[in-house]
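*Asks:* Please find the sequence and the predicted model below.
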Amino acid sequence: MQTSFFKITAATAALCFSTLAMAQQTYSVSGTVKDQKNGELLIGVTVKVSENPSIHVTANEYGFYSLSLPEGSYTIIISYPGYQDFEQQIKVDQNIKLDLPLRQEEENTKSIDEVVISGVKKDKNLTTAQMGTETLSIKNIEKLPVLFGEKDVMKTIQLLPGIKSNGEGSSGFSVRGGATDQNLILLDEAPVYNASHLLGFFSTFNSDALKDASIIKGNSPAQYGGRLSSVMDVKMKDGNNKDYNINGGIGLISSRLSVEGPIQKEKSSFIVSGRRTYADLFLKTTDDFKDNKLYFYDLNLKANYKINENNRLYLSGYFGRDVLGIGNTFSSDWGNTTATLRWNSIINSKLFSNTSFIYSNYDYKISLESNDNKFGLNSKIQDWNLKQDFTWFAGNKHSVRFGFQSIYHTLTPSSASGTSVSSFPRNKRYSWENALYVNDDFKINDKLTVNYGLRLSLFSVLGGDTFNTYENGVLTDSEFLEKGKVGKTYVNPEPRITANYRINEVSSVKGGYSRNTQNLHLLSNSNSGNPTDQWIGSSYTVKPEIADQVSVGYSRNFNNNNYELNAEIYYKSMQNQIDYKNGAQITFDTASDIESELLFGKGRAYGLELIAKKKSGKLTGWISYTLSKTERKINGINHDEWYNARQDKTHDLSVVATYQLNEKWSFSGLFLYSTGNAVTFPTGKYELNGQTVFQYSSRNADRMPAYHRMDLSATYEPVSSKRFRGSWSFGIYNIYGRENAYTITFEDNPNNPGTTRAMQTSLFRWVPNITYNFKF
């Protein structure tokens, strides 16, 4: 009887276990989301299940998604701005591969009231745990008024809260109190070390070649690293794999042209996009300036090949150069080169792999010639980079990113050569930067989402040069490290966590903490940045910069998510900040060591960011405001007291609006106001050997005048054929002619030499522009 009892119990347990296993059996529904018309993979699309809206996942930046569903029948739904709503019935009784094609809304069938300003889900600000993140719509950038009429991603991000322009026409920017070099700018995963043309009046990014651009202000997921303040991630188009397209624009001083199409239909495609200014062509028509040079060009290239259903190769490149010359006496050129070879692989229905081999190079050259005297200056930074990234959809609640990155840096310090200086170049500096990371986006329940991760960064100084150690600018030690040997290694763990709690259907609160480290540092004597600013790596004297940021935010949507209000406050503390000592002597001969002119200390930044958006209707746009403070404290500067960082601006306001009058005409305008940059003006002067010498006291204790301007533009789109579309853009930059200060210099007053006068230089008063854009 006891034996029968055990048999019955075992059979019952086996039946219960079998039933439980069947009840818990789930299958994967996975695939890619793409544009039906051109085959472009779509980024960040949310894929939902109609029967249970709490089940949803977001496609990664390569368009891949994966859902886990029990056996049954379901309706997959997608609602994505700019595309028609998508629904598909599926029956799940096994793992399913389901690619989702989305159809663009046709411009001539969309009502005026349906115009939107964002390419992301309308309530994404309420659902995602990611903080301080903005995704830009490349399409809507086209209508905003900018300098010279050239649509520009870099200029547009400077209209967002917490992101401040470094000056008139400059594409350099500061994020939450960080310096220009503390922004990681990526183009198809390749770092871009100087993202500007013509001394900052244009950016390196040709918008015709771009698919997506986003910026993260400090609280970045663990797959990003190497900079303290922000990540700007820009992705190029893959190229239309179904049809050939040509589009471009002709402006007053620049033109651009893009060609894309299939190499083998629906299997491989390409895009080639070029741009050039031609101010130099006008100079040739004059007698006084015909031998001068002033232009830039850039070229974006990309191709991809579908090996099979689960594997695809991508090859992309960027080549850009600026040329500036005055006859035979002066010439300067600088530029970036990047290349990315990427292999995307769907390993299984839940695991996606991206393997990237990346090359990046930035260099500049300057030459001066006068009679028999010649002088040259050059510098370069070059990277070879291997990155392996995995996305693991571990069920509907967890999306895990993990992988590693390894970068070999070669830095050529600024070196001078010529008839009056030593012609021996400085030794190159080599370093090896590695990182391991893991990050999980965890949907705990319908209200609470947490994004948390850890990045472990390692930076090794490699041999091939003599490394000096300085304390407060005084040499204390020196060591020659043979090439191939590993010197000092810095190891830094970087924890990150952000959380979003959805209070109700229209509001949420967020909070986060992150640590970032930076091992490459840009030495600059100006706030706007120059091509000749030089990069240095962490060394025996220069330590990795470290930033810890805490932020809290609140989001509230109105009128069915058509209006949006976001507020964030942040506090950021920074270690090992770098500044030049008082009276620094910056030379480029082989005997000098720039590290002897540096001092190190700490920094802090804190502020409030507000942005209100209207996202649909005839009138769209946003108002953003930032109230902030950023300071440094470095022994040996400003009597060892806190002082304003160069990029400190108390107030920063942007008002942006676009009005769609009808199907043919739209109008845009923007207004900017900001406190002037912190600067150091002289407090006295004396005469030495017949020359006036100015005296200075507190570092950055003065201010440039406040900056403000208004820009207006209009876009006319005549009735187009099915194949050809054209439009005209008209605009005026700085419509009320504000003479904003670019520089202020001081000199003896010629009418009264005992006094001093300030001389202001302004760049632009009124700048009209007209551009014709076309596509066929």
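*Replies:* Perfect, thanks for sending it.
*Asks:* C-alpha only now, for contacts and for neighbours.
*Replies:* Noted.
*Asks:* How about the contacts made by E134?
*Replies:* For E134, the contacting residues are S214, I215, I216, by C-alpha atoms under 8 Å, 6 or more residues apart in numbering.
*Asks:* Which strand residues bridge the residue nearest the centre of the chain?
*Replies:* Of all residues in the chain, the one closest to the mean position by C-alpha atoms, centre = their mean is M232, 1.7 Å from it. For M232, the beta-bridge partners are I185, I215 (DSSP bridges).
*Asks:* Helices of this protein, start to end?
*Replies:* 2-24, 124-127, 138-141, 153-157, 279-283 (DSSP state H).
*Asks:* And the last one, what does it pack against?
*Replies:* Identification of packing neighbours for helix 279-283 by 3 or more C-alpha pairs under 8 Å, 6 or more residues apart in numbering; DSSP states H and E yields strand 293-308.
*Asks:* I figured the residue nearest to the centre of the chain hits S220, correct?
*Replies:* No. Counting by C-alpha atoms under 8 Å, M232 sits too far from S220 to count as a contact (10.3 Å).
*Asks:* picking that back up, kindly report which one of the helices of the chain carries the lowest mean pLDDT.
*Replies:* Least confident of these, judged by mean pLDDT, is helix 2-24 with a mean of 44.
*Asks:* Surely Y490 and S460 touch.
*Replies:* Yes. Counting by C-alpha under 8 Å, S460 is a contact partner of Y490 at 6.4 Å.
*Asks:* more crowded one of those two?
*Replies:* More crowded of Y490 and S460, by other C-alpha atoms under 10 Å: S460, with 22 against 16.
*Asks:* ok, now which ones touch the nearest residue to Y772 once chain neighbours are set aside?
*Replies:* Of all residues not flanking Y772 in the chain, W728 sits nearest, at 4.7 Å (C-alpha to C-alpha, 6 or more residues apart in numbering). Taking C-alpha under 8 Å, 6+ apart, we find W728 in contact with T715, Y716, E717, I770, T771, Y772, N773.
*Asks:* how many neighbours does Y625 have?
*Replies:* Look at Y625: counted by other C-alpha under 10 Å, it has 22 neighbours.
*Asks:* How about the contacts made by it?
*Replies:* Y625 touches P161, E609, L610, I611, H651, D652, L653, S654, counting by C-alpha under 8 Å, 6+ apart.
*Asks:* List the beta-bridge partners for it.
*Replies:* As for beta bridges, Y625 partners with L610, L653 under DSSP bridges.
*Asks:* go on, P495?
*Replies:* L454.
*Asks:* do the same with S269
*Replies:* Beta bridges link S269 to P262, N304, judged by DSSP bridges.
*Asks:* How about R321?
*Replies:* Y297, G335.
*Asks:* That one and S207, how far apart?
*Replies:* From R321 over to S207 the distance is 17 Å, taken as C-alpha to C-alpha, to the nearest Å.
*Asks:* and what of W343?
*Replies:* Here W343 is placed at a distance of 24 Å from S207 (C-alpha to C-alpha).
*Asks:* Please apply the same query to Y625.
*Replies:* Note on Y625: its distance to S207, by C-alpha to C-alpha, is 26 Å.
*Asks:* The residue nearest to the centre of the chain: what's it in contact with?
*Replies:* M232 sits in contact with N183, L184, I185, L186, A213, S214, I215, I216, where contact means C-alpha under 8 Å, 6+ apart.
*Asks:* Same check on F352?
*Replies:* Contacts for F352 (C-alpha under 8 Å, 6+ apart) come out as F64, N344, S345, I346, F390, T391, W392.
*Asks:* Near the closest residue to F289 other than its chain neighbours, how many other residues are there?
*Replies:* Closest residue in space to F289, ignoring its immediate chain neighbours: L283 at 5.4 Å, by C-alpha to C-alpha, 6+ apart. If you count neighbours by other C-alpha under 10 Å, L283 ends up with 16.
*Asks:* In contact with L283: list those residues for me.
*Replies:* Counting by C-alpha under 8 Å, 6+ apart, L283 touches F289, K290, D291, N292, K293.
*Asks:* Could you do V259 as well?
*Replies:* If you count contacts by C-alpha under 8 Å, 6+ apart, then V259 has Y244, N245, I246, N247, I271, V272, S273 around it.
*Asks:* Sort out for me which of these are in strands.
*Replies:* N245, I246, N247, I271, V272, S273 (DSSP state E).
*Asks:* how many neighbours does the first one have?
*Replies:* Residues near N245, counting by other C-alpha under 10 Å, number 18.
*Asks:* Next: the third one.
*Replies:* Summarising burial for N247: neighbours were counted as other C-alpha under 10 Å, giving 18.
*Asks:* Spit out the contact partners of it.
*Replies:* D208, L257, S258, V259, N773, F774, K775, F776.
*Asks:* Not counting its neighbours along the chain, what's nearest it?
*Replies:* Nearest non-adjacent residue to N247, counting by C-alpha to C-alpha, 6+ apart: K775, 4.0 Å away.
*Asks:* Confirm for me that that neighbour is in contact with R725.
*Replies:* Yes. Counting by C-alpha under 8 Å, K775 touches R725, with 5.2 Å between them.
*Asks:* Just put the contacts of E134 in JSON lines and tack on distance to V400.
*Replies:* Output for the contacts of E134, formatted as JSON lines (distance: C-alpha to C-alpha, whole Å):
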{"residue": "S214", "distance to V400": "20"}
{"residue": "I215", "distance to V400": "21"}
{"residue": "I216", "distance to V400": "19"}
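*Asks:* what would those look like in a markdown table with neighbour count, pLDDT and distance to A645?
*Replies:* Below are the contacts of E134 laid out as a markdown table (neighbours: other C-alpha atoms under 10 Å; pLDDT from 0 to 100; distance: C-alpha to C-alpha, whole Å):
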| residue | neighbour count | pLDDT | distance to A645 |
| --- | --- | --- | --- |
| S214 | 16 | 91 | 26 |
| I215 | 21 | 93 | 23 |
| I216 | 22 | 94 | 22 |
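*Asks:* Closest to S28 out of those residues?
*Replies:* S214 (29.4 Å; C-alpha to C-alpha).
*Asks:* Have a look at this protein and report the helix or strand with the lowest mean pLDDT.
*Replies:* The weakest-scoring helix or strand in the chain, judged by mean pLDDT, DSSP states H and E, is helix 2-24 (a mean of 44).
*Asks:* Distance-wise, check L672 relative to S654.
*Replies:* On the measure of C-alpha to C-alpha, L672 and S654 end up 5 Å apart.
*Asks:* what about the two, which has more around it?
*Replies:* Legend: neighbour count by other C-alpha under 10 Å for L672 and S654, higher for S654 (21 against 17).
*Asks:* mind listing what the more buried one touches?
*Replies:* Counting by C-alpha under 8 Å, 6+ apart, S654 makes contact with L159, L160, I623, S624, Y625, L670, F671, L672, Y673.
*Asks:* The residues you listed: which two are farthest apart?
*Replies:* The distance between the two most remote of the contacts of S654 (C-alpha to C-alpha) is 13.5 Å, for Y625 and L670.
*Asks:* Could you find the closest non-adjacent residue to R502?
*Replies:* S508 (4.1 Å).
*Asks:* pretty sure the one you found contacts Y501?
*Replies:* Yes. The pair S508 / Y501 is scored as a contact, 5.5 Å apart, by C-alpha under 8 Å.
*Asks:* So which bits of stretch 675-693 are buried?
*Replies:* T675, G676, N677, A678, V679, F681 (16 or more other C-alpha atoms under 10 Å).
*Asks:* Columns distance to I634 and pLDDT on top of these, output as a markdown table?
*Replies:* Below are these laid out as a markdown table (distance: C-alpha to C-alpha, whole Å; pLDDT from 0 to 100):
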| residue | distance to I634 | pLDDT |
| --- | --- | --- |
| T675 | 24 | 95 |
| G676 | 23 | 92 |
| N677 | 20 | 90 |
| A678 | 17 | 92 |
| V679 | 17 | 91 |
| F681 | 20 | 91 |
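*Asks:* Just to be sure, which of those are found in strands?
*Replies:* Judged by DSSP E, these include A678, V679 as members of strands.
*Asks:* how near is N378 to Y606?
*Replies:* Distance of N378 to Y606, computed by C-alpha to C-alpha: 37 Å.
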